[in-house]
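Novice: A structural model of the following input is requested.
(chains A and B)
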There are 2 protein chains.
Amino acid sequence: MNGRSKVYVEGARADIRVPFTEVALSGGEVPVRLYDTSGPGSEPEVGLPQLRAHWIAEREAGGVEVGGAAFPCRTQLHYAKQGVVTPEMAFVALREGLDEEFVRAEIAAGRAILPANVNHPETEPMIIGKHFLTKINANIGTSAVSDSIAAEVEKLTWAVKWGADTVMDLSTGKHIHETREHIMRNSPVPIGTVPLYQALEKVNGDPVKLSWEVYRDTIIEQAEQGVDYMTVHAGVLLRHVPLAARRVTGIVSRGGSIMAAWCLAHHEENFLYTHYRELCEIFAKYDIAFSLGDGLRPGSIADANDEAQFAELRTLGELTHIAWEYDVQVMVEGPGHVPMHKIKENVDLQQDICGEAPFYTLGPLTTDIAPAYDHITSAIGAAMIGWFGTAMLCYVTPKEHLGLPDREDVKEGVIAYKIAAHASDLAKGHPKAQERDDALSKARFEFRWQDQFNLSLDPDRAREYHDETLPAEPAKTAHFCSMCGPKFCSMKISQELKEYAAKGMAEKSEEFLDGGGKVYLPVVETR
Amino acid sequence: MNGRSKVYVEGARADIRVPFTEVALSGGEVPVRLYDTSGPGSEPEVGLPQLRAHWIAEREAGGVEVGGAAFPCRTQLHYAKQGVVTPEMAFVALREGLDEEFVRAEIAAGRAILPANVNHPETEPMIIGKHFLTKINANIGTSAVSDSIAAEVEKLTWAVKWGADTVMDLSTGKHIHETREHIMRNSPVPIGTVPLYQALEKVNGDPVKLSWEVYRDTIIEQAEQGVDYMTVHAGVLLRHVPLAARRVTGIVSRGGSIMAAWCLAHHEENFLYTHYRELCEIFAKYDIAFSLGDGLRPGSIADANDEAQFAELRTLGELTHIAWEYDVQVMVEGPGHVPMHKIKENVDLQQDICGEAPFYTLGPLTTDIAPAYDHITSAIGAAMIGWFGTAMLCYVTPKEHLGLPDREDVKEGVIAYKIAAHASDLAKGHPKAQERDDALSKARFEFRWQDQFNLSLDPDRAREYHDETLPAEPAKTAHFCSMCGPKFCSMKISQELKEYAAKGMAEKSEEFLDGGGKVYLPVVETR
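Specialist: This next block holds a predicted model:
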């Protein structure tokens, strides 16, 4: 029995149809609707339907809004500030179960972003902000060592199937443009990039030869394709570089080290910083969101929360406020490797310095000693930092530090981060988060195995693990499992307990023994 | 090249030889010594050497100490209170890198336990307390559905190889006695049990037929075999049972539901509570430590921190203080399923109510929605609760709620919990914890791959993942990895940065360009 199906909830206008995964339950409960990132599905060679094309065209027909300094501005922030609830905002409100006006106000305040390049009409709108569900990002991308386009599109589809809210294409090898084109046309979620990687390819991998012009052209090329947000390492300033010299792990961000190398070679200020306002105008035109890169993030426990990191953060605060002058949406990237007791300081500082712009962190990893398990070392930090106010968590796969993630690694990373995001939603008290836990726990306690599987993050694996010990179909309706065997397990005692509470102790005890004194035990845990 | 070897550090007396795993490093650094739980190794049919036999015999020769009420008392707590540093305490001090007197004082205060049944001389002494390294426990055991003795001994050896500090034998099927005998004789770590499971087998699985006599005989049988600590569900009182009636998941502890069923059937107080002082006398005689079971721990997010749980905790506090009257060592078990924002309250309450007796928690799981990944949902909670003051973390495997863990699941659970324990040691500022992170991160930054692998929690898997993309041996000394390929990666920039800091900016910049302006980038992370 497959109790999962896709449903669409219609908004105030008929072309707003928000997807959910609906889980039918066998215990007589109302079906549970789960947030669904998987997209409508398509043939990879055809691409996805252009859900947002009409909304974008409507706005163009109404005349493109013009920003403060008379440049064209198409951003969701721009509309939000003017009090306009766009169809994208209405979509998001339905998707999150929140009020449209609340969505608009959070975007207008800069506390949330709705990444939606006008050239990426395939996206199903989503929102990134601390007052919404915590989101996760999955990184994919070719490299010089591994460069199949089909494999990357497959990873994209795979990542959103398991719950990735956005995907970053970090390709660095050949065919960067074509790879990205295939990804854009097949992605129902916003796509982020680090344009510096492609710019570097254009100058044959020599950072010294990079220039503003090469970078600008790369930005525009990617903007035309529809990239929704871009990591820009504009906060790595010349004066910050020496601060990283005495670190255990120096500069570990690829973008950060490229820009540090450039600054070092030219003894000039970072061109991303000096040309930042030009970038803002381009971003405003397409509605690209900044993801302000933390090029000096710590790469080890030893380097966490040091002066290099926080000096860059102060620059990112300055850049956040400049982006807002142009009505450009912005989020800020964060670490990295941070021991648990130093995590909260990161969020608090970022929120303070960057005027509550959404924080977007890589993990953080809470220890360095477990390569091959960094999805776990970092899920710990991610859950905590999400609770403390981070809006989006960039996943880490088991291959981090060791190699490029394959399909299975992508899934492991996404699931670990869905766990972290959901745990943080519970802790921050998101009003609807606990529904799913409660429904699953009730199903578990009542031995409704299929309901339990269907409500879980990975029904396939839960079913598979159960079946390893008790493969027969009847076992899935049986009131026991392999932990204790048939003699120990049942939900009977919970019924007993309920009657007990209702009737009072002495009476129940008597009745119990009259009935033969049989007790079945609802054991689903060890110890 | 295998850079790992086993070394022994000798104490003040020659028969105190503490094992460590020594990792030789190729960068000219002092070797790093890692805490080693794997034991000396043996033939399973022969059993391990009896490391502690002489120490125990020495004490017997000196006459058995007599407790306050004139019962024989052989506990480490008893000696500690009298100011005696036993060889076991001296062993532990060397193992933890701490002062002997500190170890003795922590045990004397009840803040730490050193589980060491006089009939389990094979143990290498270890200590459980919040001022020491955070420990982890692995559960193994046969069930009615799966009951191979050889498989359980193999799981034991496997669990300690990967770092389990104690192992609980939770067997419930046939051959409980023989299974345990094989486990005891082959275990270099303390073994815990839940005697109630075997007692229940003796009355054919009918909780109503349980009695103090059957239970007492079971305790003595297990005490004679050498069980080091026992979970005793003496805190589930008659008046607590109705409190669990309105829960989403009622009573999920196996021991808790057995005792609740007994109380319900007999309408009498829990016999473990009414006979608790007799238990204390038996435990004192063998030096068995109490692990006071939390039979009413929450089985779902919905039930966390409720009145049923905390009512039982108050009873456990009372029982802790009674155990101390008898100089019996005691730790207290904790949840279970708890969302992040309710975790700290658990530790704080337990420490307050139980006079700082060590807390020993199962996870906790921070969400219910990820069956098949509960090693991760719970590693998040375990890391946090360890930081907040929990002394030992009971592992959860990917099979939790679904089936019995096999060999691979045991490893996954142990590694996830080593991560949680180590992350908590970093956060609570254990003086030596960060050495390993620093050594590994330095090795990583300098592309000393073999050193990085050897310092990691799972060298085999780290090596395997690396080799998937770059299998050739030269790649392990190459200054790049598969994430970026040969063009991008090196440690050169860190050297550049150091010179830069030393020489000043302008001069270095000039020299840099004179040298051809080549920059190699030390990239080991994505984004």
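Novice: Which parts of the stretch 151-300 of chain A are strands?
Specialist: A:166-169, A:191-193, A:229-232, A:289-292 (DSSP state E, counting those that start in this stretch).
Novice: Turn these into a markdown table, columns for distance to chain B and mean neighbour count.
Specialist: Yep, even glycine has a C-beta here, placed from its N, CA and C like the rest. A markdown table is the format used below for these (distance: least, Cβ to the nearest Cβ, whole Å; neighbours: other Cβ atoms under 10 Å in any protein chain shown):
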| stretch | distance to chain B | mean neighbour count |
| --- | --- | --- |
| strand A:166-169 | 7 | 27 |
| strand A:191-193 | 9 | 27 |
| strand A:229-232 | 7 | 28 |
| strand A:289-292 | 9 | 28 |
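Novice: any chance of the ones you listed in JSON lines, plus distance to residue B:173?
Specialist: Conversion of the strands of the stretch 151-300 of chain A to JSON lines gives the following (distance: least, Cβ to Cβ, whole Å):
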{"stretch": "strand A:166-169", "distance to residue B:173": "47"}
{"stretch": "strand A:191-193", "distance to residue B:173": "53"}
{"stretch": "strand A:229-232", "distance to residue B:173": "55"}
{"stretch": "strand A:289-292", "distance to residue B:173": "55"}
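Novice: the strands in the stretch 351-500 of chain A, which residues?
Specialist: Using DSSP E, counting those that start in this stretch, strands in the stretch 351-500 of chain A cover A:359-362, A:392-394.
Novice: nearest to residue A:23, of the ones you listed?
Specialist: Within the strands of the stretch 351-500 of chain A, the stretch nearest residue A:23 is strand A:392-394; the backing value is 24.1 Å (Cβ to Cβ).
Novice: Note down every partner strand of that closest one and its orientation.
Specialist: Here strand A:392-394 is paired, per DSSP bridges, with strand A:135-140 (parallel), strand A:359-362 (parallel).
Novice: Dump the ones you listed to CSV, plus distance to residue A:285.
Specialist: CSV is the format used below for the strands paired with strand A:392-394 (distance: least, Cβ to Cβ, whole Å):
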stretch, distance to residue A:285
strand A:135-140, 24
strand A:359-362, 23
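Novice: Next, format those as CSV and append mean neighbour count and mean pLDDT.
Specialist: Formatted as CSV, the strands paired with strand A:392-394 follow (neighbours: other Cβ atoms under 10 Å in any protein chain shown; pLDDT from 0 to 100):
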stretch, mean neighbour count, mean pLDDT
strand A:135-140, 26, 96
strand A:359-362, 27, 98
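Novice: Please name whichever of the ones you listed is nearest to residue B:251.
Specialist: Using Cβ to Cβ, the nearest of these to residue B:251 is strand A:135-140, at 34.6 Å.
Novice: Just the CA atoms of the closest one, as PDB, please.
Specialist: C-alpha atoms of strand A:135-140 as PDB (Å, rounded to 0.1, in the frame of the first residue of the first chain):
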ATOM      1  CA  LYS A 135      15.400  25.400   4.700                       C
ATOM      2  CA  ILE A 136      18.200  23.200   3.400                       C
ATOM      3  CA  ASN A 137      20.500  23.500   0.400                       C
ATOM      4  CA  ALA A 138      22.300  20.700  -1.500                       C
ATOM      5  CA  ASN A 139      25.500  21.300  -3.500                       C
ATOM      6  CA  ILE A 140      26.100  19.500  -6.700                       C
END
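Novice: Surely residue A:442 and residue B:299 touch.
Specialist: No: counting by Cβ atoms under 8 Å, residue A:442 sits too far from residue B:299 to count as a contact (10.9 Å).
Novice: joint contacts of these two?
Specialist: Taking Cβ atoms under 8 Å, 6 or more residues apart in numbering or on different chains as the criterion, residue A:442 and residue B:299 both touch B:248-249.
Novice: more neighbours, these two?
Specialist: residue B:299 (30 against 21; other Cβ atoms under 10 Å in any protein chain shown).
Novice: With chain A as the reference, measure out to that one.
Specialist: 6 Å (Cβ to the nearest Cβ, to the nearest Å).
Novice: what's the nearest residue to that residue if we skip its chain neighbours?
Specialist: residue B:252 (3.0 Å; Cβ to Cβ, 6 or more residues apart in numbering or on different chains).
Novice: Please work out how many residues are found near that neighbour.
Specialist: 29.
Novice: Equivalent analysis for residue A:314, please.
Specialist: Neighbours of residue A:314 (other Cβ under 10 Å): 14.
Novice: try residue A:2
Specialist: When neighbours are counted by other Cβ under 10 Å, residue A:2 registers 9.
Novice: Before I go, just wanted to say thanks for your time.
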